[in-house]
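Chemist: sequence-free structure coming up:
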Ligand SMILES: NC(=O)c1ccc[n+]([C@@H]2O[C@H](COP(=O)([O-])OP(=O)(O)OC[C@H]3O[C@@H](n4cnc5c(N)ncnc54)[C@H](O)[C@@H]3O)[C@@H](O)[C@H]2O)c1
Ligand SMILES: O=C(O)C(=O)C[C@@H](O)[C@H](O)[C@H](O)COP(=O)(O)O
Ligand SMILES: [Zn+2]
């Protein structure tokens, strides 16, 4: 159990094999009986929705469910409106609750609805993908997309509880597992030390599966400490965006061909390469980073980088202030830093490797 204690709110992240069968009893420790809307997707629902619904019903909750199409397109305002409409039709009030059962897409979407419905209702995350378990379910970033801008609408809205069962990963495809592992590598290079050494030992997809619980725990602990220090990304939380400024541009330009973590893998290597050339990242770090990603089959390059549309997307980065981007660089593993760069200078910087 990892406790997240923020100024405004505190909650537990429970990481335990089998916790997927205890959803009702866990949530009954923090919530009175009430209506609960479970949001899931078309892949996760058939596998786990019946069990989770039954567990909640056994503990006195009145359960409703809604299932969205799997994939990034469900992170839309239209989906928010549809589910808010369903909740209103069931008579959900401020005393009721919403539960995300799925990966990062379902978690981000459900978080937006939780923060908007009657200006905010109780919210829990049951994280089923590696991305959700190591990153998305913790820290309260919620968001939906426009076709041309990633995560453009959202909020900081913390869950009341996060349940992470590593056994969910048994049904996750290798591609989706490896995508989540990109965020693990991100966190390990930010953290340095033992965590960075651990990802250096992982050479196969099987090894990710074998070490999943350790990787989840280390990732959540690191993210917890960052979020507690800086909930709303005024300072150190920006580090969690390593690889994302370029990664989000690549993800959008790939029109669904690349998963979030795959684009972040490309983004991390691209930015690290440029900062190494500029002498900000110690020589040799990019190769170490690239090797870890390549070992498990992640992409590390893309012809999309440097195309005209690529520079257009950079201006939508949330770390853009008055035309100056704040880019995350790694000096050495364990020592991230922010480097300011004018948007106008980005083409030269990107061409500089
Ligand atoms: N809020 C945050 O801090 C944060 C952090 C990282 C990523 N994200 C967001 O998360 C999203 C990516 O998350 P994701 O990689 O989980 O994508 P996803 O939610 O689309 O899940 C990936 C695929 O795996 C399936 N799936 C999930 N769990 C499964 C299971 N146990 N068994 C079988 N199939 C399963 C899903 O149906 C989907 O097809 C992106 O939108 C990204 O922007 C948010
Ligand atoms: O929790 C955070 O803070 C992160 O930046 C985690 C990222 O992995 C995640 O992809 C996040 O959604 C990116 O947020 P954005 O602010 O760049 O939209
Ligand atoms: Zn991410």
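Modeler: Looks like it arrived, so ask away. What you see is a predicted model, and the numbers here were worked out from it, not measured in a lab. Ligands and ions are numbered 1, 2, ... in the order given.
Chemist: can we go C-alpha only for contacts and neighbour counts from here?
Modeler: Fine.
Chemist: give the contact list for residue 35.
Modeler: Each residue near residue 35 by CA atoms under 8 Å, 6 or more residues apart in numbering is listed here: 61, 62, 63, 64, 92, 96, 97.
Chemist: Can you tell me the closest non-neighbouring residue to it?
Modeler: In space, and not counting its chain neighbours, residue 35 is closest to residue 62: 4.6 Å by CA to CA, 6 or more residues apart in numbering.
Chemist: How many residues are close by the one you found?
Modeler: Residue 62 sits with 15 neighbouring residues when counted by other CA atoms under 10 Å.
Chemist: I figured it hits residue 34, correct?
Modeler: Yes: judged on CA atoms under 8 Å, residue 62 makes contact with residue 34 at a distance of 6.1 Å.
Chemist: how close does the residue most central in space within the chain sit to ligand 2?
Modeler: The residue lying closest to the centre of the chain (CA atoms, centre = their mean) is residue 136, at 2.8 Å. Shown here: residue 136 relative to ligand 2, a distance of 6 Å by CA to the nearest ligand atom, to the nearest Å.
Chemist: cool, residue 327 as well?
Modeler: For residue 327, the distance to ligand 2 - CA to the nearest ligand atom - is 11 Å.
Chemist: Show the contacting residues for that residue.
Modeler: Taking CA under 8 Å, 6+ apart as the test, what residue 327 contacts is 242, 245, 319, 338, 339, 340, 341.
Chemist: Got a ChimeraX select line for the buried ones in these?
Modeler: Remark: buried members of the contacts of residue 327, expressed as a ChimeraX selection using 16 or more other CA atoms under 10 Å:
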select :242,245,319,338
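Chemist: Closest one of the contacts of residue 327 to residue 307?
Modeler: Within the contacts of residue 327, proximity to residue 307 (CA to CA) peaks at residue 245, which comes in at 14.9 Å.
Chemist: Are the one helix or strand residue 153 maps to and ligand 1 in contact anywhere?
Modeler: Element membership of residue 153 [criterion: DSSP states H and E] is strand 149-156. No: figure legend: strand 149-156 not in contact with ligand 1 (CA under 6 Å from any ligand atom); closest approach 6.9 Å.
Chemist: on contacts alone, who are the packing partners of the following helix or strand past that strand?
Modeler: Sequence order places strand 161-164 as the next helix or strand after strand 149-156, per DSSP H and E. Packed against strand 161-164 by the contact rule (3 or more CA pairs under 8 Å, 6 or more residues apart in numbering; DSSP states H and E) you find strand 10-15, strand 122-127.
Chemist: Determine how far the last one lies from the middle of the whole chain.
Modeler: Relative to its chain's centre, strand 122-127 lies at 14 Å (CA atoms, centre = their mean, to the nearest Å).
Chemist: And the first one, by the same measure?
Modeler: Mean-position distance between strand 10-15 and its chain equals 16 Å (CA atoms, centre = their mean).
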